[in-house]
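Enquirer: next input, structure requested:
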Amino acid sequence: MRSDDTIFAIASGHGRAAVCLIRISGRESRTILEGMAGGVPEPRRAVVRTLKHPVTGELLDQALVLWMPAPQSFTGEDQAELHIHGGLATRAAVLRALGVVENCRPAEAGEFTRRAFLNGRMDLAQVEGLADIIDAETEAQRRQAMRQLGGRLGNAAEGWRESVLQILALLEASLDFSDEGDVPEDLEAEILQMIDRVAGEIGRAMADRSGERLREGLTVVLAGPPNAGKSTLLNALARRDVAIVSPIAGTTRDVIEVHCDLGGLPVNIVDTAGLRESGDLIEQEGVSRARARAQDADLVLWLVPPEGEESNPPTARRLLRIGTKADVERTRHDCDLMIAATTGEGLPELIRRLEQEAGTLMGQGDALVTRERHRQALQRAYEALERARLMLVHRGPVELAAEEVRLAARAVGEITGRVDVEDVLDRLFSSFCIGK
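Expert: Numbering: from 1, shown residues only. This is a model prediction of the structure:
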């Protein structure tokens with residue numbers, strides 16, 4: 001992949017459509033417009049042009065053409081857009097024509113956005129926000145992604161990095177004040193105060209996991225003994241037949257997962273095998289997986305049927321007892337909610353309760369940390385600052401304390417891409433679609 005090539009790609013959906021958008025970025029963009037559209041329009045003004053093949057002069061289409069010169073474009077390079085008719089033959093003809101231009105080639109996945117990052121138009125946290133906007137399935141996910149794209153995390157990370165660099169500058173300056181390498185008491189107090197403030201802000205950001213839950217979806221596990229109504233409830237919540245429902249105990253042996261939108265919040269509902277002792281090796285594996293998923297879940301709905309032996313609920317962070325088959329006479333009254341999934345009785349109340357639980361666990365969607373990568377970088381920065389603080393308190397070598405602070409600055413810089421994160425870039429941009 002050559003960064004000095006001009007790239008092009010379809011940036012709209014595939015298949016037959018009314019309009020197809022083709023993006024072009026790079027130094028040959030002006031040449032392409034001059035050869036195919038007969039000239040370059042005013043910047044950022046859409047004009048109608050007849051497109052011609054740059055070599056044969058063959059008429060290709062009538063299109064809307066836009067010209068966005070560097071650096072005021074998405075990629076920071078000269079960029080053009082062709083809004084052509086969306087027929088398959090038309091788009092194929094225009095793409096073939098672009099392919100004959102020297103030093104012009106089809107873009108790879110995420111290459112437009114990668115160039116925007118490399119040219120300083122976006123930081124890495126904003127790039128991740130853009131990826132999250134594309135993947136957003138609920139309104140809350142969209143709002144959170146927009147905040148990331150707007151630079152909320154990047155701005156916070158840059159503020160922390162500047163503060164850490166100030167601490168580093170004070171530490172290095174203190175080395176000039178004393179031949180013995182001791183920090184003057186007044187300067188040491190100022191440095192420790194700054195470390196406590198920055199470490200405290202980073203620690204509070206890490207403590208809030210609602211952003212990751214919102215991005216990935218809240219995990220709700222349906223658990224209970226066999227024939228408690230787990231698969232019936234899953235189908236009712238999904239509003240389609242997802243799991244097999246049978247009166248035969250042990251029908252569900254593997255984990256079945258469904259993604260739902262509850263009140264604008266993403267929720268992953270997981271159906272699991274009935275928890276019981278069994279001599280069947282396959283069912284034993286299903287029960288083992290069910291307990292593991294329940295232990296890792298954000299919320300477990302423990303389904304209690306009106307008949308059968310009482311089973312012990314699995315270990316869980318948060319558990320609600322749901323009485324099932326409420327249309328059947330019951331003897332238990334110690335449940336949080338009663339439902340009958342086959343008739344719909346109690347389902348509206350259960351859905352409202354799930355929405356409340358999801359809203360509580362995901363907060364208001366104002367979390368800074370939305371990915372595990374952010375958390376790991378901040379964790380390294382926090383630990384480095386703590387080591388530097390302890391070293392200063394116990395009169396350790398100032399040079400080593402300064403090195404710890406330098407490591408903290410590097411870790412925070414990884415969030416926005418200020419330091420070498422090539423492996424992160426490769427993984428991230430490969431997840432984008434062609435043309436973005």
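Enquirer: quick one: buried residues of the host helix or strand of Ile24?
Expert: In this structure, Ile24 sits in strand 19-25 according to DSSP states H and E. The neighbour-count check on strand 19-25 (16 or more other Cβ atoms under 10 Å) flags Cys20, Leu21, Ile22, Arg23, Ile24, Ser25 as buried. For every residue, glycine as well, the C-beta is placed using N, CA and C.
Enquirer: and stretch 400-420, by the same measure?
Expert: Buried, per 16+ other Cβ under 10 Å, within stretch 400-420: 401-418.
Enquirer: which residues touch it?
Expert: Residues from elsewhere that reach stretch 400-420 (Cβ atoms under 8 Å, 6 or more residues apart in numbering): 117, 123-125, 127, 153-154, 157-158, 160-161, 164-165, 167-168, 171-172, 175, 195, 202, 373-374, 377-378, 380-382, 384-385, 387-388, 391-392, 421, 424-425.
Enquirer: mind giving me CSV with the buried residues of strand 19-25 and columns for distance to Ala37 and pLDDT?
Expert: Formatted as CSV, the buried residues of strand 19-25 follow (distance: Cβ to Cβ, whole Å; pLDDT from 0 to 100):
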residue, distance to Ala37, pLDDT
Cys20, 16, 95
Leu21, 15, 96
Ile22, 12, 96
Arg23, 15, 96
Ile24, 11, 97
Ser25, 16, 97
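Enquirer: tell me which stretches of the stretch 301-436 of the chain form helices.
Expert: 347-362, 372-393, 398-416, 422-430 (DSSP state H, counting those that start in this stretch).
Enquirer: show me which strand runs longest in the protein.
Expert: strand 59-68 (DSSP state E).
Enquirer: and that one, what does it pack against?
Expert: helix 29-37, strand 47-52, strand 79-85, helix 88-99 (3 or more Cβ pairs under 8 Å, 6 or more residues apart in numbering; DSSP states H and E).
Enquirer: let me know the angle separating the last one from strand 47-52.
Expert: With axes from the mean of the first three to the mean of the last three Cα atoms, to 10 degrees as the criterion, the two stretches helix 88-99 and strand 47-52 enclose an angle of 80 degrees.
Enquirer: quick one: mean pLDDT for helix 88-99?
Expert: Helix 88-99 shows a mean pLDDT of 94.
Enquirer: mind listing residues that contact that helix?
Expert: 8, 10, 15-16, 20, 22, 24, 32, 36, 51, 53-55, 60-61, 82, 84, 104-106.
Enquirer: make it 7 Å
Expert: Residues outside helix 88-99 that contact it (Cβ atoms under 7 Å, 6 or more residues apart in numbering): 8, 10, 16, 20, 22, 32, 36, 51, 53-54, 60-61, 82, 84, 104.
Enquirer: what do you get for the second one?
Expert: The contact list for strand 47-52, computed with Cβ under 7 Å, 6+ apart, reads 36-38, 41, 58-65, 82, 94.
Enquirer: so where is the stretch 301-436 of the chain shaky, pLDDT-wise?
Expert: For the stretch 301-436 of the chain, the stretches with pLDDT under 70 are 308-311, 329-333, 364-365, 420-425, 427-428.
Enquirer: is it true that Val100 touches Val55?
Expert: Yes: here Val100 lies in contact with Val55, judged by Cβ atoms under 7 Å, at a distance of 5.6 Å.
Enquirer: got the confidence number for Arg197?
Expert: pLDDT at Arg197 comes out at 96.
Enquirer: which SS state does it fall under?
Expert: Using DSSP: H, G, I helix; E, B strand; the rest coil, the structure places Arg197 in helix.
Enquirer: can you report how many residues lie near the closest residue to it other than its chain neighbours?
Expert: Distances taken as Cβ to Cβ, 6 or more residues apart in numbering put Ser163 closest to Arg197, at 7.4 Å, once the chain neighbours are dropped. When neighbours are counted by other Cβ atoms under 10 Å, Ser163 registers 19.
Enquirer: so how far is Phe432 from Ser163?
Expert: The gap separating Ser163 from Phe432 is 33 Å, by Cβ to Cβ, to the nearest Å.
Enquirer: can you tell me the SS state at Ile7?
Expert: Following three-state DSSP, the label given to Ile7 is strand.
Enquirer: residues touching it, list them.
Expert: With Cβ under 7 Å, 6+ apart, Ile7 has these contacts: Ser25, Gly26, Arg105, Pro106, Ala107, Glu111.
Enquirer: please name the residues that touch the closest residue to it other than its chain neighbours.
Expert: Distances taken as Cβ to Cβ, 6+ apart place Ala107 nearest to Ile7, at 3.9 Å, with adjacent residues excluded. By Cβ under 7 Å, 6+ apart, Ala107 lies in contact with Ile7, Phe8, Ala9, Ile434, Gly435.
Enquirer: surely the third one touches Arg23?
Expert: Yes: proximity of Ala9 to Arg23 meets the contact threshold set by Cβ under 7 Å, at 5.8 Å.
Enquirer: on that earlier part again, can I have the buried ones of the contacts of Ala107 as a ChimeraX selection?
Expert: Only the buried entries of the contacts of Ala107 go into this ChimeraX selection, using 16+ other Cβ under 10 Å:
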select :7,8,9,435
